[in-house]
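In: here you go, sequence then predicted model.
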Amino acid sequence: MEGASRKTAFSALLLSLALAGCGQNAANSADASMPQHPMPKQEVVVTTLQAEDVVLTRELPGRTVASLVAEVRPQVSGIVMQRQFTEGTKVEAGQALYQLADDSYRADLNKAEAGLAAARVVLENARMTASRTARLLAINAISTQANDDAQAALQKAQADVRVAEAAVDSAKVQLSYSRITSPITGFIGKSTVTQGALVTTAQTSALATVQQLDPIYVDLTQPSTEMLQFRKALASGTLEKMKSVPVTLVLEDGTPYEHTGKIAFNEMTVDPSTGSFSLRVEVPNPERLLMPGMYVRGEFGMGVRPGAILVPQRALSRTPQGTASVLVVDATGSVSNRSVSVSQTVGDKWLVESGLNAGDQVVIEGLQKIKPGDDVIVSESVTRTDASQLSQHNAPQGANSTSTPAAG
């Protein structure tokens with residue numbers, strides 16, 4: 001009886017499974033017979049690339065240096081009697097800074113002046129003697145030798161006067177050196193000597209240092225390889241030379257400096273230890289915001305890139321191997337992947353070297369929703385930022401200028 005019940009239950013289970021399978025097959029058949037609807041097209045935002053003349057700039061590190069530096073040193077020895085300036089203030093060229101004891105130099109001047117007076121007396125006597133001997137010789141009252149001796153004595157007396165005059169001039173110069181003055185106009189630092197100190201012409205340390213800070217110089221450091229590339233680009237026509245090269249500075253705290261500088265010259269020798277050379281920039285500094293030794297960054301135009309193609313940075317993606325690519329939409333709305341080569345950033349864009357052309361539509365929004373081969377609905381970017389909207393750097397007419405630190 002119990003065995004019969006088990007067989008009945010097992011048969012019922014098999015029947016229910018069979019019916020379920022039939023129902024599933026029927027459902028699958030019904031789904032297959034229903035019409036399939038295509039996936040809706042995704043809407044993406046594109047930017048249409050344009051060829052434009054762009055000023056390519058370079059940002060370099062540098063240090064500020066005073067435009068003029070003069071170390072104040074004694075030209076005569078003596079005791080410092082007085083310091084006549086306030087440390088850290090502006091001094092004018094010729095302004096008295098120190099007064100040395102000058103008693104000995106005044107005595108030397110008095111001695112030289114006395115020697116000059118004596119030489120002039122001797123000269124006057126020699127002149128009268130020479131005049132008399134000349135008259136006596138005319139009447140044969142004296143010998144020719146006597147007249148020659150008198151004339152020679154006159155010439156020697158004249159030379160002695162010139163020597164005495166030079167001695168007076170030298171004594172005056174030595175006396176003037178006891179009053180030490182500023183050789184240039186600028187700001188003077190701390191004094192290394194005090195009143196009562198003995199200073200000599202042989203000492204190695206300066207008494208003080210005067211520096212001219214307006215204008216001030218900035219020495220920028222540039223790798224020599226970049227200069228070679230720049231000159232090759234100019235020679236090949238890839239870059240066009242700018243009419244003027246203004247330089248903008250960024251201070252150590254990241255704030256821009258108010259005044260624009262100009263390149264004064266570039267060093268003609270490459271430092272073998274660093275493989276770089278210096279560019280000297282002259283910058284106005286009326287507020288004395290810049291002080292010698294400050295770290296700054298200088299940005300200036302390297303040249304104009306005619307017909308440059310710029311692509312927004314957000315449109316570009318890279319593979320793990322570093323290959324750059326963008327998604328491009330053709331005239332039919334089909335998406336394709338395009339490999340590109342870029343060289344440096346230009347504001348918020350990349351400078352394209354190859355792979356894209358003017359007129360290409362590059363996807364900048366909706367990248368995550370599409371893939372190559374998809375058909376999309378195109379919406380043109382309204383807030384496109386081109387190079388002409390970026391800061392100007394005095395580019396030639398028709399050239400857009402951008403703030404562009406070079407990549408790598």
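Out: Now that the structure is in, tell me what you want to look at. Computed from a predicted structure; not experimentally measured. Numbering: from 1, shown residues only.
In: helices or strands next to the longest helix anywhere in the chain in the packing?
Out: If you go by DSSP state H, the chain has its longest helix at helix 103-138. Applying 3 or more C-beta pairs under 8 Å, 6 or more residues apart in numbering; DSSP states H and E, we find helix 103-138 packed against helix 144-177. C-beta coordinates here come from the backbone N, C-alpha and C atoms, glycine included.
In: now the angle from the helix it packs on to helix 103-138?
Out: 160 degrees (axes from the mean of the first three to the mean of the last three C-alpha atoms, to 10 degrees).
In: what's downstream of helix 144-177, the next helix or strand?
Out: Next along the chain after helix 144-177, taking DSSP states H and E as the criterion, comes strand 179-181.
In: now the helix or strand harbouring L220, how far from the chain's geometric center?
Out: Using DSSP H and E, the element containing L220 is strand 208-223. Its chain's C-alpha centre and that of strand 208-223 lie 11 Å apart, by C-alpha atoms, centre = their mean, to the nearest Å.
In: and it, average pLDDT?
Out: The pLDDT scores in strand 208-223 average 94.
In: strand partners (parallel or antiparallel) of that strand?
Out: Note on strand 208-223: by DSSP bridges, its sheet partners are strand 51-72 (antiparallel), strand 186-188 (antiparallel), strand 276-283 (antiparallel).
In: now T260: closest residue in space that isn't a chain neighbour?
Out: P246 (4.8 Å; C-beta to C-beta, 6 or more residues apart in numbering).
In: thinking again about what came up before, is it possible to get JSON lines of the strands paired with strand 208-223 that adds mean neighbour count?
Out: What follows is the strands paired with strand 208-223, written out as JSON lines (neighbours: other C-beta atoms under 10 Å):
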{"stretch": "strand 51-72", "mean neighbour count": "19"}
{"stretch": "strand 186-188", "mean neighbour count": "21"}
{"stretch": "strand 276-283", "mean neighbour count": "20"}
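In: switch those strands over to a markdown table; also include mean pLDDT.
Out: Output for these, formatted as a markdown table (pLDDT from 0 to 100):
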| stretch | mean pLDDT |
| --- | --- |
| strand 51-72 | 92 |
| strand 186-188 | 96 |
| strand 276-283 | 90 |
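In: now those strands in TSV, with distance to A233?
Out: Putting those into TSV (distance: least, C-beta to C-beta, whole Å) gives the following:
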stretch	distance to A233
strand 51-72	9
strand 186-188	41
strand 276-283	17
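In: out of these, nearest to S104?
Out: strand 51-72 (21.6 Å; C-beta to C-beta).
In: one step back: buried sites along the longest helix of the chain?
Out: 105, 108-109, 112-113, 115-116, 119, 122-123, 126, 129-130, 133, 137 (16 or more other C-beta atoms under 10 Å).
In: T225 touches G275, doesn't it?
Out: Yes. Using C-beta atoms under 8 Å, T225 is in contact with G275, at 7.3 Å.
In: helix or strand next in line after the strand holding L220, which one?
Out: helix 224-236.
In: that next one vs strand 51-72, what angle?
Out: For helix 224-236 against strand 51-72, the angle by the same axes, to 10 degrees is 130 degrees.
In: just the buried residues of helix 224-236, please?
Out: Judged by neighbour count using 16+ other C-beta under 10 Å, the buried positions of helix 224-236 are 227, 230, 233.
In: against which helices or strands is that helix packed?
Out: Under the contact criterion of 3+ C-beta pairs under 8 Å, 6+ apart, helix 224-236 touches strand 276-283, strand 295-312.
In: which one of the ones you listed lies closest to V362?
Out: Nearest to V362 among the helices and strands packed on helix 224-236 is strand 295-312 (5.8 Å), distances taken as C-beta to C-beta.
In: output the contacting helices and strands for the closest one.
Out: Using 3+ C-beta pairs under 8 Å, 6+ apart, the elements in contact with strand 295-312 are strand 51-72, strand 208-223, helix 224-236, strand 246-250, strand 276-283, strand 335-346, strand 349-354, strand 361-365.
In: for these, give me TSV that also has distance to A166.
Out: Converted to TSV, the helices and strands packed on strand 295-312 look like this (distance: least, C-beta to C-beta, whole Å):
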stretch	distance to A166
strand 51-72	28
strand 208-223	32
helix 224-236	54
strand 246-250	51
strand 276-283	43
strand 335-346	67
strand 349-354	70
strand 361-365	84
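In: out of the ones you listed, flag the one nearest Q158.
Out: Distance to Q158, taken as C-beta to C-beta, is lowest for strand 51-72 among the helices and strands packed on strand 295-312, at 40.7 Å.
In: kind regards, and thank you for your time.
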